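Student: The sequence isn't on hand, but the structure is:
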């Protein structure tokens with residue numbers, strides 16, 4: 001945490017130093033840092049700030065996250081504009097001013113909001129940095145309109161930022177390197193950390209919402225400045241602001257899924273599409289004199305999706321729901337204006353979005369740090385829904401937990417289905433075959449159908465949804481390729497055999513997905529089947545055999561099915577029960593997918609889950625659990641039937657017998673007299689650790705209560721035993737008693753390193769899985785032969801994570817003792 005904060009503060013200081021040098025030397029004929037070089041350096045620093053903002057833990061609420069992400073987005077747009085100016089792309093005298101002013105004005109207000117919240121919530125350092133940056137941006141805006149204010153005033157403000165940020169970054173580095181011995185005044189990290197942890201639990205669950213809202217201000221200011229006469233025209237110089245905001249909002253969409261905020265992540269995905277479309281519209285007139293046209297049906301559908309999302313978001317945050325209604329009005333204004341973003345109607349709504357984004361961003365910034373929230377409104381919604389017996393909000397820590405019990409991301413299917421709706425309705429725009437780029441379709445098809453659906457597929461894969469992720473990724477590739485080919489001017493009026501062959505390959509892949517969806521649910525079956533209709537329309541078009549109206553009918557059918565899936569996914573993530581059922585699988589299989597035969601998957605981070613696993617083991621079940629190495633299959637020694645069941649489920653080879661695990665040597669205390677003093681001391685010194693000791697078999701085994709099933713553990717001469725260095729595992733053994741352990745995979749296969757693999761490899765032979773995510777190590781334990789330890793010799797059956805030298809060193813210390 002300290003180092004990530006240092007990276008952020010040093011990045012801000014470095015960027016401010018560059019800008020200070022640039023403005024001090026700007027009156028010269030040749031500035032010390034040319035515009036192109038300064039733009040490249042700002043792009044590098046923006047990447048560094050993005051890293052610092054993303055890596056900063058959102059468990060400890062801090063304004064450093066919105067400060068770093070906001071500055072990173074603005075500096076990336078600023079850097080591209082400086083590069084364009086340096087390369088002569090903005091030749092007119094007022095072009096650089098018109099390009100820079102909307103972003104600088106927005107940066108001034110955005111950082112002023114951050115500074116205000118910083119002063120109110122006890123973060124004076126970041127507040128001072130943000131205030132100084134805001135002052136520098138305001139000076140730069142004034143400099144573009146009046147020569148009375150020299151560039152030295154801008155440079156002074158940047159120099160203040162550089163000195164303040166550098167001081168506190170240096171203080172944190174010194175504190176970290178000297179382990180707290182050297183502390184500069186005001187940079188005591190121990191006090192700071194305690195303060196952040198006390199505030200962290202009280203903060204908002206999604207610290208990335210505020211930067212996303214500030215980026216909405218940036219995009220709105222580009223259009224609003226034109227309406228208010230601040231800038232003279234919309235042109236190429238504004239594209240970097242719009243596309244930087246869109247790119248960063250896609251990143252914030254992913255971060256919001258990491259913060260388990262499905263609705264805000266979906267909203268940011270939607271708004272990023274509008275930014276890319278606006279940038280495309282401003283870019284198009286650079287090679288064609290006329291303005292592009294807009295597909296009206298698509299924008300109406302987009303406004304409906306925004307309205308539905310606003311309705312569901314109002315149940316979580318009434319302020320957020322009202323905020324999204326501005327985008328509903330924005331889409332309707334675009335649909336009513338043939339000139340699109342160049343018309344006064346959408347620009348007027350953009351001014352309203354700018355004001356609303358500033359207010360809602362201020363609320364989010366304050367709620368991240370403050371214990372007392374501003375306008376949360378959720379309590380009123382809960383009280384209202386409490387009167388209804390039909391609707392009940394889903395709540396709790398397991399709200400977004402997948403079936404397999406562990407994921408770093410919330411479910412992104414809502415966004416993926418919505419993107420299918422958008423891409424399909426965008427295809428209904430026929431356009432001019434001779435000038436395909438004149439219709440704004442590429443942003444909707446490529447960004448919505450391609451990039452955001454690819455994002456949804458990646459998140460689905462991270463949640464263990466193999467089929468869904470494969471389908472989303474396949475469809476995204478199809479939308480990107482076909483969208484660029486048909487609406488990017490690559491296809492032309494000619495058709496080719498090669499395009500038809502490629503589409504046939506997609507049809508074959510999708511046929512497999514349709515077949516697999518038979519085992520998922522009815523909704524997925526129709527979703528994949530109706531996409532087949534779209535792929536067939538692409539194929540018919542490629543071979544000159546497309547019937548009139550078939551492609552529009554196919555896209556409408558697929559769009560309506562996708563819209564139903566969008567509503568179903570949205571309602572299931574918001575309400576308990578199925579408001580819009582997805583249907584049962586068309587084909588039922590015993591085992592995987594049969595519903596009642598699935599074993600339990602419980603998150604390891606919950607004490608109640610460990611208790612349930614202990615109950616299952618005490619009742620004679622076998623379970624897969626995480627350890628300090630790889631996943632293992634366990635059974636309670638006190639249940640001989642379970643030990644025998646574990647042996648049968650594994651088809652154990654004779655050379656890989658099952659072993660014993662205990663949580664403390666106290667569990668062997670009644671049989672201590674049966675162990676030699678050297679062996680007992682060696683066990684005491686070696687454990688807990690990933691070291692398994694193979695010790696002579698003896699009467700001590702009878703104390704564990706395995707009875708006849710003891711023959712399945714170890715060999716007739718010896719037994720492997722250890723205490724794992726894993727708090728979850730030892731707590732489970734404390735509840736159950738000693739357990740019998742074997743690797744959670746069929747004999748001869750690779751070790752199991754994730755809970756997803758346990759059920760996949762063992763199926764219904766395991767009763768439950770304790771889900772701890774990926775294994776901390778992919779290497780098994782070291783197995784030491786202690787059968788002849790009293791003669792001073794030990795051997796090694798397997799050298800795992802603990803090297804030989806460390807084991808021998810432990811033995812030497814015990815012998816010396």
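Tutor: Arrived safely. In this text, all values refer to a predicted model and were calculated from it rather than measured experimentally.

Student: Residue 559 versus residue 89, what's the distance?
Tutor: Relative to residue 559, residue 89 is positioned 39 Å away (CB to CB, to the nearest Å). (C-beta placed from N, C-alpha, C; glycine too.)

Student: who's more crowded, the two?
Tutor: Remark: of residue 89 and residue 559, residue 559 carries more neighbours, 24 against 14, as counted by other CB atoms under 10 Å.

Student: Next, the contact list for the more buried one, please.
Tutor: By CB atoms under 8 Å, 6 or more residues apart in numbering, residue 559 lies in contact with 301, 420-421, 424-425.

Student: can we see that at 10 Å?
Tutor: Applying CB atoms under 10 Å, 6 or more residues apart in numbering, we find residue 559 in contact with 297-298, 301, 420-428, 530, 534.

Student: What residue, apart from its backbone neighbours, is nearest it spatially?
Tutor: Sequence neighbours aside, residue 424 is the residue nearest to residue 559 in space, at 3.9 Å (criterion: CB to CB, 6 or more residues apart in numbering).

Student: Also residue 807?
Tutor: Using CB to CB, 6+ apart, the closest residue to residue 807 is residue 784 (5.7 Å).

Student: Give the bridge partners for that neighbour, please.
Tutor: residue 693, residue 796 (DSSP bridges).

Student: number of nearby residues for it?
Tutor: 27.

Student: Do I have it right that it meets residue 796?
Tutor: Yes. Counting by CB atoms under 10 Å, residue 784 touches residue 796, with 6.0 Å between them.

Student: Mutual contacts of those two, please.
Tutor: Common neighbours of residue 784 and residue 796, using CB under 10 Å, 6+ apart, are 694, 804, 807-808.

Student: In PyMOL, select just the buried ones from those.
Tutor: Buried members of these can be picked out in PyMOL with the line below, counting by 16 or more other CB atoms under 10 Å:
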select buried, resi 694+807
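
Student: Please produce JSON lines containing the shared contacts of residue 784 and residue 796, extended by secondary structure and pLDDT.
Tutor: Below are the shared contacts of residue 784 and residue 796 laid out as JSON lines (DSSP: H, G, I helix; E, B strand; the rest coil; pLDDT from 0 to 100):
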{"residue": "694", "secondary structure": "strand", "pLDDT": "92"}
{"residue": "804", "secondary structure": "helix", "pLDDT": "89"}
{"residue": "807", "secondary structure": "helix", "pLDDT": "90"}
{"residue": "808", "secondary structure": "helix", "pLDDT": "90"}
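
Student: ok, of the shared contacts of residue 784 and residue 796, which one's closest to residue 288?
Tutor: For these, the minimum distance to residue 288 (CB to CB) is 72.4 Å, reached by residue 804.

Student: Could you tell me which residues make contact with the closest one?
Tutor: 782, 784, 794, 796 are the contacts of residue 804 under CB under 10 Å, 6+ apart.

Student: try it again with 8 Å
Tutor: Per CB under 8 Å, 6+ apart, neighbours of residue 804: 782, 796.

Student: Is it correct that the residue nearest to residue 559 is in contact with residue 534?
Tutor: Yes. In this structure residue 424 lies within contact range of residue 534 using CB atoms under 8 Å: 7.0 Å.

Student: any common contacting residues for those two?
Tutor: 555, 558.

Student: the more surrounded of those two?
Tutor: The neighbour comparison of residue 424 against residue 534 (other CB under 10 Å) goes to residue 424, with 29 against 24.

Student: distance of the more buried one from residue 537?
Tutor: When CB to CB is the yardstick, residue 424 and residue 537 sit 11 Å from each other.

Student: can you list residues touching both of those two?
Tutor: Common contacts of residue 424 and residue 537, defined by CB under 8 Å, 6+ apart, comprise residue 555.

Student: Walk me through the domains of the protein.
Tutor: Structural domains assigned to the chain are 1-184+207-384, 412-574, 600-816, following the TED database.

Student: buried stuff in the helix or strand that contains residue 298?
Tutor: Assigned by DSSP states H and E, residue 298 belongs to helix 296-316. Neighbour-count burial for helix 296-316 flags 298-299, 301-303, 305-310, 312-316 (criterion: 16+ other CB under 10 Å).

Student: where in the stretch 501-650 of the chain is pLDDT low?
Tutor: For the stretch 501-650 of the chain, the stretches with pLDDT under 70 are 577-578, 588-598, 650.

Student: What separation do you get for the residue nearest to residue 611 when sequence neighbours are not counted and residue 565?
Tutor: Distance criterion CB to CB, 6+ apart; nearest residue to residue 611, sequence neighbours excluded, is residue 735 at 6.9 Å. As judged by CB to CB, residue 735 and residue 565 stand 43 Å apart.

Student: The two: who's more crowded?
Tutor: residue 565 (23 against 15).

Student: how about that one, secondary structure?
Tutor: Per DSSP: H, G, I helix; E, B strand; the rest coil, the secondary structure class of residue 565 is helix.

Student: Hmm, residue 349 and residue 330 touching each other?
Tutor: Yes. Applying CB under 8 Å as the test, residue 330 and residue 349 come out as touching, 4.6 Å apart.

Student: that older thread, distance-wise, check the residue nearest to residue 559 relative to residue 562.
Tutor: From residue 424 to residue 562 the distance is 6 Å (CB to CB).

Student: Helix or strand: which one has the residue nearest to residue 559?
Tutor: helix 413-426.

Student: elements contacting that helix?
Tutor: Secondary-structure packing of helix 413-426 (3 or more CB pairs under 8 Å, 6 or more residues apart in numbering; DSSP states H and E): helix 262-283, helix 296-316, helix 453-462, helix 466-487, helix 522-542, helix 550-574.

Student: what's the angle from it to helix 466-487?
Tutor: Interaxial angle of helix 413-426 relative to helix 466-487 (axes from the mean of the first three to the mean of the last three CA atoms, to 10 degrees): 30 degrees.

Student: Now do the contacts for residue 663.
Tutor: Taking CB under 8 Å, 6+ apart, one finds 723, 729-731, 733-734 in contact with residue 663.

Student: now do 10 Å
Tutor: Residue 663 sits next to 687-688, 723-724, 729-739 when contact means CB under 10 Å, 6+ apart.

Student: one step back: now the domains of the chain as TSV including distance to residue 587?
Tutor: Shown next, in TSV, are those (distance: least, CB to CB, whole Å):
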stretch	distance to residue 587
domain 1-184+207-384	30
domain 412-574	5
domain 600-816	18
